[in-house]
Every structure is written in C-alpha cells, then in structure tokens.
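In: this one's sequence-less:
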C-alpha cells in the first residue's frame, strides 16, 4: 500500500546507543513513539544536554539531519 513514510525501525525493550540521522532531509521529521505500560523511560539528547520524560503514549517529532 502507499505510505507517507520512507522507512520504519522498531526497537522493543532496548536501550539504544547514541545515534543520529545524517541522511534525513531538513524539511522532514523523524517520529518516535513510546508504547506500552508501566515503564519509566528518558529520552536523552546528549548534544544539547537535555533529558526528557518519555512515558508510554509519548510521541516526539525531530527535524531531519539531527
């Protein structure tokens, strides 16, 4: 079926290493979604020293090339 998304990555119950998206276009967004119940998670952006609560049901959109 046609999709507005050019890629999809699924990470389940995992802590990821710090990474970026150098191939993204500045006009595009990456969408991150936290699903599930009963977990305490932090979304960390090390480059700018930010730690955000990333509870289940949270959606984060990040501009491309971040």
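Out: Right, received. Where do you want to start? Small disclaimer: the values here were computed from a predicted structure and weren't measured. Residues are numbered from 1 along each chain as shown.

In: hang on, residue 18 packs against residue 43?
Out: No - between residue 18 and residue 43 there is no contact, the gap being 11.8 Å when judged by C-beta atoms under 8 Å. (C-beta placed from N, C-alpha, C; glycine too.)

In: Count the neighbours of the nearest residue to residue 36 once chain neighbours are set aside for me.
Out: Sequence neighbours aside, residue 56 is the residue nearest to residue 36 in space, at 4.9 Å (criterion: C-beta to C-beta, 6 or more residues apart in numbering). Residues near residue 56, counting by other C-beta atoms under 10 Å, number 13.

In: Relative to residue 40, how far out is residue 56?
Out: 10 Å (C-beta to C-beta, to the nearest Å).

In: For residue 50, give me its contacts.
Out: residue 44 (C-beta atoms under 8 Å, 6 or more residues apart in numbering).

In: how close does it get to residue 32?
Out: 14 Å.

In: how deep is residue 51 tucked in, by neighbour count?
Out: Neighbours around residue 51, by other C-beta under 10 Å: 10.

In: Next: residue 26.
Out: By other C-beta under 10 Å, neighbour count at residue 26 equals 8.

In: my guess is residue 41 meets residue 57, correct?
Out: No - using C-beta under 8 Å, residue 41 makes no contact with residue 57, being 11.3 Å away.
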